[in-house]
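Enquirer: My questions are about this predicted structure, shown below with the sequence.
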Amino acid sequence: MKHTLRFPEKFLWGAASASFQVEGGIENCDWAEAARQGKVPACGAACDQYNRYEEDFNTAQKLGHNSHRISVEWARIEPEEGKFDLKEAQHYRNVINALRVRGLEPFITLWHFTLPLWFSNDGGFENRRSIERFKNYAEFVTREILGDVSFVVLINEPSGYAHNGYIRKYWPPFKKNVFTYISVCNNLIKAHNAASVAIKKIRPDIKVGVAKDNVLFESVGPNPINFFAAKFLYHWINHRFLNKTREHLDFIGLNYYFYMLLGRTLDLPKTDMGWSIYPEGIYHVLRELIGYGKPVYIMENGLADATDTQRGKFIVDHLAQIHRAIQEGVDVRGYLHWSIMDNYEWTFGFEKRFGLIEVNFVTQQRKIRHSAYVYKNICETNTLEIES
Ligand code: BGC
């Protein structure tokens, strides 16, 4: 039987991206430097969105979206410490205005993984001065770029950033040191709080959030090691940052991609990244957020699927679970799919395809995928049809 699930009024629907992954032409950040050293794939022109944002936002509008998440690139805005580039500030004001005139509510991320070289060369977030530096940058962006933007996301995925850069040696600065990792985690918390206070002094009405990368950690079965490991990870990865920033958060942005069931393996379909698809996970991770008493926006959820055979169902199944969480009291107010278009997928370069829109990286031609129309229908009707 078919059922229609209705989402709350004024629900925000859209998609997300990040500056380095789509803009192209960013050479003065740590990822560009890592590419020059052959440690990660080169990003080059990416989707050339720096020049094509109007065309891309036209498509988002045509696809029924009413919101959109981008990030501003710190290295463009502050290429040297304390020297802010007013031309780049104007560029981002134009980008934000282009969203506004198309009826796309902007979510602006201040920092999405890539760091200006001057900052990373001086220890990045290992350095205690990072707190003041991030705060200064946030102040400039608030004064000169954000205008009347309502939603600002200060940090994207603090847990994943610290883990990949300081434990796994997988992302810049390619380190493996638990003590440095812990001090980076702590500085990210302090940087968030300092920036949030500074932003609120300038714009008391703005809504400050984080894009928090939470994972479903659960132990199944009697093994006490699994039980304690799941509890530890739950607190350390999912809730430590949120607990220590909760006074300085107006909303929680959730990025959901992963689950970890300790003691049990599920045989599930996989994305092109080899990640298992487990829509129920988003329901559980959302339920964990009830205690914060804050509005929640899904800031990212998506999959690599070059043939677009799984994406439509993925969206429907995840939204059904989000709806279930809303019914049970989680105040979810928006869903931004990752990503609006294929882009630079970090260490995988351009090989993995996360887009509602397919990009030909040679010609820069865009092609709307079928799943984007499945999603369009949901966005436009604010409802989801499911079989049950
Ligand atoms: C990040 C994105 C990334 C996506 C897919 C998230 O961790 O915020 O930048 O492309 O996941 O891996």
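Expert: Now that the structure is in, tell me what you want to look at.
Enquirer: quick one, longest helix in the chain?
Expert: Among the segments of the chain that qualify as a helix by DSSP state H, the longest is helix 178-202.
Enquirer: Of all the residues in that helix, which ones are buried?
Expert: Using 16 or more other CB atoms under 10 Å as the test for burial, helix 178-202 gives 180-181, 183-196, 198-199. (Each C-beta comes from the backbone N, C-alpha and C, glycine too.)
Enquirer: What distance do you get for Phe84 to Val374?
Expert: Relative to Val374, Phe84 is positioned 42 Å away (criterion: CB to CB, to the nearest Å).
Enquirer: which stretches of the protein form strands?
Expert: With DSSP state E as the definition, the chain shows strands at residue ranges 2-6, 12-16, 67-71, 105-111, 151-156, 207-219, 251-262, 296-300, 332-338, 357-359, 366-368, 383-387.
Enquirer: Direction included, what does the longest one pair against?
Expert: Sheet neighbours of strand 207-219, with direction, are listed as strand 151-156 (parallel), strand 251-262 (parallel) (DSSP bridges).
Enquirer: Out of the ones you listed, which one sits most buried?
Expert: strand 151-156 (a mean of 25; mean count of other CB atoms under 10 Å).
Enquirer: Next, the angle from that strand to strand 67-71.
Expert: Between the axes of strand 151-156 and strand 67-71, defined by axes from the mean of the first three to the mean of the last three CA atoms, to 10 degrees, the angle is 40 degrees.
Enquirer: Tell me the residues of this protein that contact the ligand?
Expert: Proximity of the chain to the ligand is confined to Ala18, Gln21, Asn156, Glu157, Gly160, Asn255, Glu300, Trp338, Glu345, Phe354 under the rule CB under 6 Å from any ligand atom.
Enquirer: who wins for neighbours among the residues you listed?
Expert: Among those, the one with the most neighbours (other CB atoms under 10 Å) is Gln21, at 28 neighbours.
Enquirer: wait, doesn't Leu356 sit right on Trp338?
Expert: No. In terms of CB atoms under 8 Å, Leu356 does not count as a neighbour of Trp338; the distance is 9.5 Å.
Enquirer: Now the common contact residues for the two.
Expert: Here Leu356 and Trp338 have Ala15 as joint contacts, going by CB atoms under 8 Å, 6 or more residues apart in numbering.
Enquirer: what about the nearest residue to Arg366 once chain neighbours are set aside, neighbour count?
Expert: Take Arg366 and drop its neighbours on the chain: the residue closest to it by CB to CB, 6 or more residues apart in numbering is Ile357, 5.1 Å away. Ile357 is surrounded by 21 other residues when neighbours are defined as other CB under 10 Å.
Enquirer: Isn't Ile357 up against Lys367?
Expert: Yes. The pair Ile357 and Lys367 qualifies as a contact (CB under 8 Å) at a distance of 6.8 Å.
Enquirer: Name the residues contacting each of those two.
Expert: Any residue near both Ile357 and Lys367 by CB under 8 Å, 6+ apart counts here, and not one turns up.
Enquirer: got the contact list for the nearest residue in space to Lys169 that is not next to it in sequence?
Expert: What sits nearest to Lys169 in space, not counting adjacent residues and going by CB to CB, 6+ apart, is Lys176, at 4.8 Å. The neighbourhood of Lys176, defined by CB under 8 Å, 6+ apart, consists of Tyr166, Ile167, Arg168, Lys169.
Enquirer: Please list the members of those residues that lie in helices.
Expert: Tyr166.
Enquirer: Of the contacts of Lys176, select the buried ones using a ChimeraX command.
Expert: Written as a ChimeraX command, the selection of buried residues from these, which uses 16+ other CB under 10 Å, is:
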select :166
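Enquirer: I'd like the contacts of Lys176 as JSON lines, with distance to Asp213 appended.
Expert: Below are the contacts of Lys176 laid out as JSON lines (distance: CB to CB, whole Å):
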{"residue": "Tyr166", "distance to Asp213": "15"}
{"residue": "Ile167", "distance to Asp213": "14"}
{"residue": "Arg168", "distance to Asp213": "14"}
{"residue": "Lys169", "distance to Asp213": "19"}
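Enquirer: Quick check: of the contacts of Lys176, which lies closest to Gly281?
Expert: Arg168 (21.5 Å; CB to CB).
Enquirer: give the contact list for that closest one.
Expert: Arg168 makes contacts with Lys176, as judged by CB under 8 Å, 6+ apart.
Enquirer: distance of it from Leu188?
Expert: When distances are taken as CB to CB, Arg168 and Leu188 turn out to be 17 Å apart.
Enquirer: Could you do Ser159 as well?
Expert: Counting by CB to CB, the gap from Ser159 to Leu188 is 9 Å.
Enquirer: Endpoints of stretch 292-305, how far apart?
Expert: By CA to CA, to the nearest Å, the extent of stretch 292-305 from end to end equals 34 Å.
Enquirer: Need the pLDDT of Ser388.
Expert: At Ser388, the model reports a pLDDT of 79.
Enquirer: does the residue lying closest to it once chain neighbours are set aside have beta-bridge partners, and which?
Expert: Computed as CB to CB, 6+ apart, the closest residue to Ser388 that is not its neighbour in sequence is His3, at 5.3 Å. Taking DSSP bridges as the rule, His3 bridges to Ile386.
Enquirer: what about His3, neighbour count?
Expert: Each residue near His3 was counted by other CB under 10 Å, and the total is 11.
Enquirer: Is Arg6 in contact with Thr383, as I believe?
Expert: Yes. With contacts counted by CB under 8 Å, Arg6 reaches Thr383, the gap being 5.1 Å.
Enquirer: out of these two, which sits in the busier spot?
Expert: Set side by side, Arg6 and Thr383 show more neighbours around Thr383, with 16 against 12, by other CB under 10 Å.
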